[in-house]
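Asker: give the three-dimensional model of this entry:
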Amino acid sequence: MDARRLTAAAAAVLLALAAMTPAAQTPSSAAPYTVLSADARRPLAARTMGGQEMFALDDLARLFNLTVREDAAAGGLTVTAGNQTIVMTPGQGLASVGGRLISLPAPAVREGRAWFVPVDFVSRALGPALGTRLELRKPSRLILLGDIRVPRVAGRVEGLGTSARLTLDIAPATPHTVTQEGQRVLVRFEAEALDASLPASNAPELIAAIRPGDTPNVIALDPGPRFTSFRFTDLPGDRGTSRLVIDVLSQAAETPAQPAPPAQPPPPDAPPLIDLAPSGGLRTVVIDPGHGGTEEGAKGANGTLEKHVTLAVARRLKAALESRLGIRVILTRDSDQTVGLDERAALANNNKADLFVSLHANASVRPAASGAEVFYLAVDDYADAAERVSRGERAAVAVFGGGTRDIEVIPWEMAQVRYMEASAALAQAVEASLRERVTMSPRALQQAPFRVLVGANMPAVLIEMGFITNAAQEQALSGGEFQSAFVQGIYSSIVRYRDAIAAGGAQ
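Answerer: Numbering: from 1, shown residues only. Model (predicted):
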């Protein structure tokens, strides 16, 4: 082989080696991160190399006062941060921080005269070395330095007919105020900044936009042309979080719904409305959207399914009760899932609910049958057991440490018996309030042995909202106008029942 062939072969080998070296991984720009501290906001450039986001060590050195040294003989890289030393070896996704090994998603990479480290280096190695908080939040491209409050805020918007709702989930729970200033509603947090994910509005007539405010700790809501006022409620969340619910109202939402003309004259013994009294106390209400999953329930001629109608109304009712009363509302299902009848009552019992409301749509072989009906439990078949429950029978059970303790024993099928009077009062309030707003059946208030009510250990009612087998009512049940009127009726009845309890009218 002559010299020219050797030269060509050597060049080919060098080209192949060059393709395998880090130099082939030319950095491409990525969106910068922001380093937040109590007194400053500083950008930090990021590059993408080999599919990994990287920071230049020189940039980190300037921001955090680091000293970077390269040991050419050993092929190592040393970073001094305060009194600690970080040692890295090119080609290995490891770093030694004060003698403790820490894994990294990629090794350090050299490009020209600059060294790059994966962005996780900041939180995994640099923070422990500096002995200070360095929190990396990749989705929002933030690095939090020191004791700085930057809560995560995730928002969503729901259109609710004549109103719209902005829900902000806040982690961790952070004190805040909600005010209207000029043409905007402002949520101001006691924080240095916000890590906010703000939604686009799907109800532009009421909420034009949700956007960052003029300062880093503010979220601004720009009202739409139908905006007239707003209400807000703070609710506790799980594991130290909280939820802020802001309801934006139109004039129609603030105006009490006008009574719908009844399809027939009310019966002469229609129950009177419970007089309003000073506010009482309700903490938890369970709403039960009937059927779900494989249990479709009744079906209309145009294919409307009971399970879909009940869930839609339950969600509206939950929103109304939470925003206007500030109480805890639990749905027995919040999706198209199968839930057993006893499981529904058990959920209410386990959450110590104060009220249980089960929603359904009726069906009949007579297409003309129409109107809503309200039921509470009938226990005629359990007369003897009901008498025992009313006397409060007790049983002795052994306790830890010896001896016994008397406890009250209530069979599952008798849990509702002690609340018969209260359930009847709640049913009367619901029927009377609905009568003001929607068409009622000739037999609007009834008793029936519904299994879903049997195990409820609190006042409980079941409501048939209308006949889905009636063509006109099938269409109405799926519409926003009927659902809003129905929800307003249930909301009003719960307020009346609550206030009647406070006045000593229902036990």
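Asker: where exactly do the helices run in the protein?
Answerer: Taking DSSP state H, the helices of the chain run over residues 3-20, 57-64, 121, 127-130, 251-254, 306-325, 341-350, 383-391, 420-435, 451-454, 471-477, 480-502.
Asker: most packed of those helices?
Answerer: Highest mean neighbour count of the helices of the chain: helix 121, a mean of 26 (counted as mean count of other Cβ atoms under 10 Å). C-betas here are computed from N, CA, C, even on glycine.
Asker: what is it packed up against?
Answerer: Packing partners of helix 121 (3 or more Cβ pairs under 8 Å, 6 or more residues apart in numbering; DSSP states H and E): none among the helices and strands.
Asker: how many residues are close by residue 53?
Answerer: 19 (other Cβ atoms under 10 Å).
Asker: what sits against the residue nearest to it when sequence neighbours are not counted?
Answerer: Leaving aside its chain neighbours, residue 53 sits nearest to residue 119 (4.8 Å; criterion: Cβ to Cβ, 6 or more residues apart in numbering). Contact analysis of residue 119 by Cβ atoms under 8 Å, 6 or more residues apart in numbering lists 33, 46, 53, 54, 55, 136, 138.
Asker: which of those residues fall in strands?
Answerer: Counting by DSSP state E, the part of the contacts of residue 119 found in strands is 33, 46, 53, 54, 55, 136.
Asker: so can I have JSON lines of these showing pLDDT and distance to residue 377?
Answerer: As requested, the ones in strands among the contacts of residue 119 are arranged in JSON lines below (pLDDT from 0 to 100; distance: Cβ to Cβ, whole Å):
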{"residue": "33", "pLDDT": "95", "distance to residue 377": "60"}
{"residue": "46", "pLDDT": "94", "distance to residue 377": "63"}
{"residue": "53", "pLDDT": "95", "distance to residue 377": "61"}
{"residue": "54", "pLDDT": "95", "distance to residue 377": "67"}
{"residue": "55", "pLDDT": "96", "distance to residue 377": "66"}
{"residue": "136", "pLDDT": "94", "distance to residue 377": "56"}
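Asker: all strands for the stretch 151-300 of the chain, in order.
Answerer: 152-159, 163-171, 176-181, 184-189, 195-197, 207-212, 218-223, 229-236, 242-249, 284-289 (DSSP state E, counting those that start in this stretch).
Asker: what strands line up against the last one, and which way round?
Answerer: Using DSSP bridges, the neighbouring strands of strand 284-289 in the sheet come out as strand 328-331 (parallel), strand 355-362 (parallel).
Asker: how about the first one?
Answerer: Counting by DSSP bridges, the strands paired with strand 152-159 are strand 163-171 (antiparallel), strand 195-197 (parallel).
Asker: and the ones in strands among the contacts of residue 119, which two are the farthest apart?
Answerer: Spatially, the most separated pair among the ones in strands among the contacts of residue 119 is 54 and 136, at 13.1 Å (Cβ to Cβ).
Asker: more neighbours, the two?
Answerer: Remark: of residue 54 and residue 136, residue 54 carries more neighbours, 24 against 17, as counted by other Cβ under 10 Å.
Asker: relative to residue 70, how far out is the nearest residue in space to that one that is not next to it in sequence?
Answerer: Leaving out its chain neighbours, the residue that sits closest to residue 54 by Cβ to Cβ, 6+ apart is residue 116, at 3.9 Å. Per Cβ to Cβ, to the nearest Å, residue 116 is found 13 Å from residue 70.
Asker: same drill for these two, tell me which one is more crowded.
Answerer: A count of neighbours by other Cβ under 10 Å puts residue 116 above the other of residue 116 and residue 70, at 28 against 15.
Asker: may I have the residues that are in contact with that one?
Answerer: Neighbouring residues of residue 116 by Cβ under 8 Å, 6+ apart: 27, 47, 49, 54, 55, 56, 57, 108, 109, 110.
Asker: tell me the confidence at it?
Answerer: You'll see residue 116 listed with a pLDDT of 94.
Asker: same question, residue 384
Answerer: The score at residue 384 is 52. That number is its pLDDT.
Asker: cool, and residue 251?
Answerer: Looking at residue 251, its pLDDT reads 74.
Asker: so what's residue 236 bridging to?
Answerer: Bridge pairing for residue 236 - DSSP bridges - gives residue 242.
Asker: in the chain, which residue is closest to the centre?
Answerer: With distances taken as Cα atoms, centre = their mean, residue 169 lies nearest the centre of the chain, 6.9 Å away.
Asker: mind splitting this structure into its structural domains?
Answerer: With domains defined by automatic domain parsing, the chain comprises 24-145, 152-254, 284-379+416-502.
Asker: ranking the ones you listed by burial, who's on top?
Answerer: Each of the domains of the chain was scored by mean neighbour count; the highest is domain 284-379+416-502, a mean of 20, by mean count of other Cβ under 10 Å.
Asker: what does stretch 293-306 contact?
Answerer: Counting by Cβ under 8 Å, 6+ apart, 290-291, 307, 310, 336-339, 360-363, 468-469, 471, 474-475, 477-478 sit against stretch 293-306.
Asker: actually, stretch 126-134.
Answerer: Residues from elsewhere that reach stretch 126-134, judged by Cβ under 8 Å, 6+ apart: 60, 64, 66, 79, 81-82, 84-86, 97-98, 100, 102, 122-123, 135, 143-147.
Asker: export that stretch as CSV, just CAs?
Answerer: Only the C-alpha atoms of stretch 126-134 are listed here, as CSV (Å, rounded to 0.1, in the frame of the first residue of the first chain):
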residue,chain,number,x,y,z
LEU,A,126,-25.2,21.2,42.8
GLY,A,127,-27.9,21.7,45.4
PRO,A,128,-26.5,19.2,47.8
ALA,A,129,-23.0,20.6,47.3
LEU,A,130,-24.0,24.2,48.0
GLY,A,131,-26.2,23.0,50.9
THR,A,132,-29.1,25.1,49.7
ARG,A,133,-32.5,24.4,48.0
LEU,A,134,-32.2,24.2,44.3
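Asker: roughly how far is that stretch from the heart of the chain?
Answerer: Mean-position distance between stretch 126-134 and its chain equals 33 Å (Cα atoms, centre = their mean, to the nearest Å).
Asker: where does the protein dip in pLDDT?
Answerer: 1-27, 73-75, 252-281, 379-414, 504-507 (pLDDT under 70).
Asker: kindly recompute the last result at 80.
Answerer: For the chain, applying pLDDT under 80 flags the ranges 1-28, 71-75, 90, 161, 237-239, 251-281, 323, 379-416, 501-507.
Asker: what's the distance between residue 67 and residue 99?
Answerer: Distance of residue 67 to residue 99, given as Cβ to Cβ: 18 Å.
Asker: got it, and residue 315?
Answerer: Noted for residue 315: a distance of 56 Å to residue 99, by Cβ to Cβ.
Asker: check residue 170 too.
Answerer: Using Cβ to Cβ, residue 170 is found at 40 Å from residue 99.
Asker: distance to residue 236 added to the contacts of residue 116, as a markdown table?
Answerer: Shown next, in a markdown table, are the contacts of residue 116 (distance: Cβ to Cβ, whole Å):
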| residue | distance to residue 236 |
| --- | --- |
| 27 | 46 |
| 47 | 43 |
| 49 | 44 |
| 54 | 41 |
| 55 | 38 |
| 56 | 44 |
| 57 | 44 |
| 108 | 45 |
| 109 | 47 |
| 110 | 51 |
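Asker: who's in contact with residue 430?
Answerer: Residues counted as contacts of residue 430 (Cβ under 8 Å, 6+ apart) are 357, 374, 461, 463, 489, 490, 493.
Asker: the fourth one contacts residue 375, correct?
Answerer: I take that to be residue 463. Yes - assessed by Cβ atoms under 8 Å, residue 463 is found in contact with residue 375 at 7.4 Å.
Asker: please verify my assumption that residue 282 contacts residue 325.
Answerer: Yes - between residue 282 and residue 325 there is a contact at 7.1 Å, judged by Cβ under 8 Å.
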